[in-house]
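Peer 1: Make a model of this:
(one chain, ligands or ions: 2)
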Amino acid sequence: MADDILQLLRREHRNLAGLLHVLDRQRHALNADDTPDYDLMRQIVRYLDGDGGSDHLPLEEQVFEQVLARRPALGARTARLAADHERLRRRGRALIDAADSVLSGQPVRRADLVSLAGVFVADYREHLCREDNEVFRPLEASLAPDERRALTAALPDAAGAGNDHEYRALADRLIVQGAGPAAWAGTARATCPVCSQG
Ligand SMILES: [Fe+2]
Ligand SMILES: [Fe+2]
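Peer 2: Ligands and ions are numbered 1, 2, ... in the order given. Down below sits the predicted model:
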């Protein structure tokens, strides 16, 4: 049986926030003239943008579709969030291209990489907060128990059942490096400019 829909989306956001924290540490390494793990950066960005097998974006799109059928008034918000996804994909692509250039021996200005990574991380964190504040919270406050059950029942069978192999592979890689999920806890909220205003 899948998790409750909102619990599942929130848990996935915590995972994404943790990965953003790890990516931000690589940006700090770059900024401090250390050598970041470019391959890890690529893997994280691909996952965050849904190119690396993440279940989150397709699941979110499906949930938003069903939410809109019940709450048409949320349409402007979900459209804005979909535009966020597109912009984040473009920014992620630019960051991956720059990391690829470094890995293939082409000259890339360190400041450009720091900037690309910084913009991507900040934008993604704000997106997670926006989604939380503008959609998840209103849903939590307004969905009747039977609506919530209906949304949960419409989840794909695999959702939340630990079948997100790409996330598992990333988390395992980070645990081996001593940077597993326990080390990420609580970091996103403390650093998100949107959340820290609230
Ligand atoms: Fe999203
Ligand atoms: Fe999300």
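
Peer 1: Grab the nearest non-local neighbour of residue 132.
Peer 2: Leaving aside its sequence neighbours, residue 132 sits nearest to residue 13 (CB to CB, 6 or more residues apart in numbering; 6.7 Å). Placement of C-beta: from N, CA and C, glycine included.

Peer 1: is the host helix or strand of that neighbour anywhere near ligand 2?
Peer 2: Applying DSSP states H and E as the criterion places residue 13 in helix 5-31. No - using CB under 5 Å from the ion, we find that helix 5-31 stays clear of ligand 2, coming within 5.5 Å at best.

Peer 1: what does the chain put close to ligand 2?
Peer 2: 60, 131.

Peer 1: which regions of the chain sit below the pLDDT cut-off?
Peer 2: For the chain, residues meeting the criterion pLDDT under 70 lie at 1-2, 52-54, 157-163, 176-198.

Peer 1: now the helices for it?
Peer 2: Ranges of helices in the chain, per DSSP state H, are 5-31, 38-48, 56-70, 75-103, 110-131, 137-142, 145-153, 165-176, 187-191, 193-197.

Peer 1: mind listing what's buried in the second one?
Peer 2: Neighbour-count burial for helix 38-48, counted by 16 or more other CB atoms under 10 Å, picks out 38, 40, 41, 42, 43, 44, 45, 46, 47, 48.

Peer 1: Quick check: the gap between the third one and ligand 2.
Peer 2: Using CB to the ion, to the nearest Å, one obtains 21 Å as the distance from residue 41 to ligand 2.

Peer 1: got a list of what that residue touches?
Peer 2: By CB atoms under 8 Å, 6 or more residues apart in numbering, the contact set of residue 41 is 23, 26, 95, 99, 117.

Peer 1: which residues touch residue 81?
Peer 2: 64, 127, 130, 131, 134, 135.

Peer 1: could you check the distance from the third one over to residue 47?
Peer 2: In this view, residue 130 and residue 47 are 20 Å apart by CB to CB, to the nearest Å.

Peer 1: cool, and the first one?
Peer 2: Going from residue 64 to residue 47 by CB to CB gives 20 Å.

Peer 1: Over to the second one?
Peer 2: Counting by CB to CB, the gap between residue 127 and residue 47 amounts to 15 Å.
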